[in-house]
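> Here is my input; please provide its structure:
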Amino acid sequence: MVLVGGLVLLLAGDRGRASVSVTPGIDPLETLDLEIKPNVIIILDSSGSMNDTPGNNTIGGDHPDSKIGAAKRVLLQAIQNNETKVNFMYGTYTQSTSTTSQQPDTLGNTGQGNDRFSYWAKIDPLALPVVPELFLNQVYAFQTISNAGSVINNILYFDEGGATFSCAITPGFYASGAALATQLAANMNACSAGNGYTVTFAGGLFAFAKTGVRSFRMDWSQAVNSIRAVLNAGTTNTGLGAGPFTTGNAQGGAFLALRHLASDLAFTENGLNYREMVAGKFWNGQTLFVLGITGTVCGEAAAVTPTNPPTVNLQQVSNCASPTASQVGAPLVFTFAGHPLPAARFPHRHHRRPHVRPAHRLRRDDGRHGRGPGDGLCLRHPRRRVHAHRQFPAGHQDGVQRALGDGGSAPGSPGPGGHPTLGRDSNPRQPQGEHGRRVRDRR
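Residues are numbered from 1 along each chain as shown. Coordinates of the predicted model:
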């Protein structure tokens, strides 16, 4: 002990009287995550029937009440609750209406038209206060003129043989074509000093004419923030003259922005009445004032409050002259459901569970057998294949747990007790194959 003390003093030198501190070391094993996490493959039914409600009524896959909507909510919650405990992989069936093709179905009606988007209201006839079942006559694109946001369409271009006027049209919702025509004339007269203009609306057509002495021309070729599209005015300038210069029909089907008629799709399920409203443009957060049960649109509320999922509201009023002050009851809320679907459901159904094969028995993407870096597991089903690309951490065994649905049901949807139907393998090192048999994972 004396020798040790002397050695310490000798090494310390002049600093021998200074205190000696020791920094504790870090055990490298404490920094390692030694927990073996189970590996889960989730196979989600994406067939056409998933666009239906649980009662098999077609509503649209983006609606919260659809089967796929319920499945996504359950899966999201299950994955968020277990993302630190489980390694997840995900796959869906390849869908096709053809018995031979494996190409996915394509979405129709993606261009201009009255059937691009679908919204559904859910009405409880026993709820208090009673929400009236309102209807909405056609709302056309020209009725919404905007100078802000993602769509700006309030500039009218014209000239009188010289410089082009970029005339700003007062933004807002116009209850009729006649109301917009009156505003167009007022703004043109304000933009042009000394040359009067009139604009009329009849049969869906807007007609522009002068009352002053100077000839004029409508510059429909000007595109920036132009009002031309909603007026169906085309892209070609008119000649220089007195007018009238007439647009195309702005009330054609391609310019229908919103409608909700008694003839639209409807069904009743679990005592609730579902009613569809279709749209030619995307709506979110707007409220339209509707006169009583006539379907006449009186205007649009100034406040726009976007929601998730998107919604559009119909608010009953008793007086179109003062809609804000004459509101009756609560608004009827329509929730976004995606693309409008036919009443008949798609014939995609799954009648058997797909076979889960170990990766070493599968054909790789390059045509060879065996497993290479980045290879995934291929789950086979008659006429359908599912590729679930590997998301497992390096060094983990390929334990597989499956969540597979039968006959068009929604795998991952709530099972008994409201929990997702996720399979569980107690031994992640040795996955189970078809019918519960153990599958050896050779490397």
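
> Which parts of the protein are helices?
With DSSP state H, the ranges of helices along the chain come out as 2-12, 67-82, 177-191, 228-231.

> of those, which approaches Thr198 most closely?
When the helices of the chain are compared by CB to CB, helix 177-191 sits nearest Thr198, at 5.4 Å. Where you see a C-beta, it was placed from the backbone N, CA and C, and this is true even at glycine.

> got a list of contacts for that closest one?
140, 142-143, 145, 156, 158, 165, 167-170, 174, 196-201, 204, 206, 208, 250-251 (CB atoms under 8 Å, 6 or more residues apart in numbering).

> re the thing from before, with distance to Phe216 as new columns, can the helices of the chain be given to me in CSV?
As requested, the helices of the chain are arranged in CSV below (distance: least, CB to CB, whole Å):
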stretch, distance to Phe216
helix 2-12, 100
helix 67-82, 53
helix 177-191, 9
helix 228-231, 16
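
> Let me see the mean pLDDT of stretch 239-252.
Mean pLDDT, computed over stretch 239-252, is 94.

> Go through it and flag the buried ones.
Buried residues in stretch 239-252, counted by 16 or more other CB atoms under 10 Å: Gly243, Phe245, Thr246, Thr247, Ala250, Gln251.

> Would you check how far apart the last one and Ile227 are?
When CB to CB, to the nearest Å is applied, the distance between Gln251 and Ile227 equals 16 Å.

> looking at the helices of the chain, which is closest to Gly329?
Among those, helix 177-191 comes nearest to Gly329, with 26.1 Å by CB to CB.

> pLDDT weak spots in the stretch 301-443 of the chain?
Across the stretch 301-443 of the chain, residues meeting the criterion (pLDDT under 70) sit at 342-443.

> tell me, how many neighbours does Lys122 end up with?
Neighbours of Lys122 under the rule other CB atoms under 10 Å: 18.

> Identify the bridge partners of it.
Bridge pairing for Lys122 (DSSP bridges) gives the partners Tyr274.

> Would you mind confirming that Lys85 is in contact with Lys37?
Yes - if you go by CB atoms under 8 Å, Lys85 and Lys37 touch, sitting 6.3 Å apart.

> These two - which one has more neighbours?
More crowded of Lys85 and Lys37, by other CB under 10 Å: Lys37, with 17 against 10.

> With adjacent residues omitted, what lies nearest to that one?
In space, and not counting its chain neighbours, Lys37 is closest to Asn87: 5.2 Å by CB to CB, 6 or more residues apart in numbering.

> wait, isn't the one you found in contact with Ile42?
No - proximity of Asn87 to Ile42 does not meet the contact threshold set by CB under 8 Å, at 11.3 Å.

> Neighbour count: those two, which is higher?
Applying other CB under 10 Å to Asn87 and Ile42 shows that Ile42 carries more neighbours, namely 23 against 19.

> distance of that one from Val74?
Distance of Ile42 to Val74, computed by CB to CB: 11 Å.

> residue contacts, Ser146?
Ser146 makes contact with Ile152, Asn153, Asn154, Pro171, according to CB under 8 Å, 6+ apart.

> Closest to Cys298 out of those?
Of all these, Pro171 has the smallest distance to Cys298: 17.6 Å, by CB to CB.

> From Lys281, how far off is the spatially closest residue to that closest one that is not a sequence neighbour?
Excluding the flanking residues, the one nearest Pro171 by CB to CB, 6+ apart is Asn147, at 4.3 Å. For Asn147, the distance to Lys281 (CB to CB) stands at 17 Å.

> now swap in Ala209 and tell me
Applying CB to CB, the value for Ala209 to Lys281 is 30 Å.

> before we move on, back to that, arrange the helices of the chain in a markdown table, one row each, with mean pLDDT, distance to Asn237 and mean neighbour count as further columns.
Below are the helices of the chain laid out as a markdown table (pLDDT from 0 to 100; distance: least, CB to CB, whole Å; neighbours: other CB atoms under 10 Å):
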| stretch | mean pLDDT | distance to Asn237 | mean neighbour count |
| --- | --- | --- | --- |
| helix 2-12 | 46 | 95 | 9 |
| helix 67-82 | 92 | 48 | 18 |
| helix 177-191 | 96 | 16 | 18 |
| helix 228-231 | 95 | 11 | 22 |
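
> out of those, nearest to Leu341?
Smallest distance to Leu341 across the helices of the chain (CB to CB): 12.0 Å, for helix 67-82.

> Which strands and helices lie in contact with the closest one?
Applying 3 or more CB pairs under 8 Å, 6 or more residues apart in numbering; DSSP states H and E, we find helix 67-82 packed against strand 39-44.

> Name every strand pairing with the strand it packs on and say which way it goes.
strand 87-92 (parallel), strand 401-403 (parallel).

> Is Ala121 in contact with Met277, as I believe?
Yes - when contacts are counted by CB under 8 Å, Ala121 is listed as touching Met277 (7.0 Å).

> hey, what's in contact with both of those two?
Phe334.

> CA atoms only: put stretch 160-177 into PDB for me.
The C-alpha atoms that make up stretch 160-177 are tabulated as PDB, following Å, rounded to 0.1, in the frame of the first residue of the first chain:
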ATOM      1  CA  GLU A 160     -60.300  48.700 -77.400                       C
ATOM      2  CA  GLY A 161     -57.800  48.500 -80.200                       C
ATOM      3  CA  GLY A 162     -54.900  49.400 -78.000                       C
ATOM      4  CA  ALA A 163     -53.600  48.300 -74.600                       C
ATOM      5  CA  THR A 164     -55.200  45.300 -73.000                       C
ATOM      6  CA  PHE A 165     -57.300  45.900 -69.900                       C
ATOM      7  CA  SER A 166     -56.800  43.400 -67.000                       C
ATOM      8  CA  CYS A 167     -60.100  44.000 -65.300                       C
ATOM      9  CA  ALA A 168     -60.500  42.500 -61.800                       C
ATOM     10  CA  ILE A 169     -64.000  41.100 -61.300                       C
ATOM     11  CA  THR A 170     -65.400  41.300 -57.700                       C
ATOM     12  CA  PRO A 171     -64.800  37.900 -56.100                       C
ATOM     13  CA  GLY A 172     -67.600  36.000 -54.300                       C
ATOM     14  CA  PHE A 173     -70.400  33.600 -54.800                       C
ATOM     15  CA  TYR A 174     -73.000  34.600 -57.400                       C
ATOM     16  CA  ALA A 175     -76.400  33.100 -57.000                       C
ATOM     17  CA  SER A 176     -77.200  33.200 -60.700                       C
ATOM     18  CA  GLY A 177     -75.700  33.900 -64.100                       C
END
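
> Buried residues, it. List them.
Residues of stretch 160-177 classed as buried by neighbour count (16+ other CB under 10 Å): Glu160, Phe165, Cys167, Ala168, Ile169, Gly172, Phe173, Tyr174, Ala175, Gly177.
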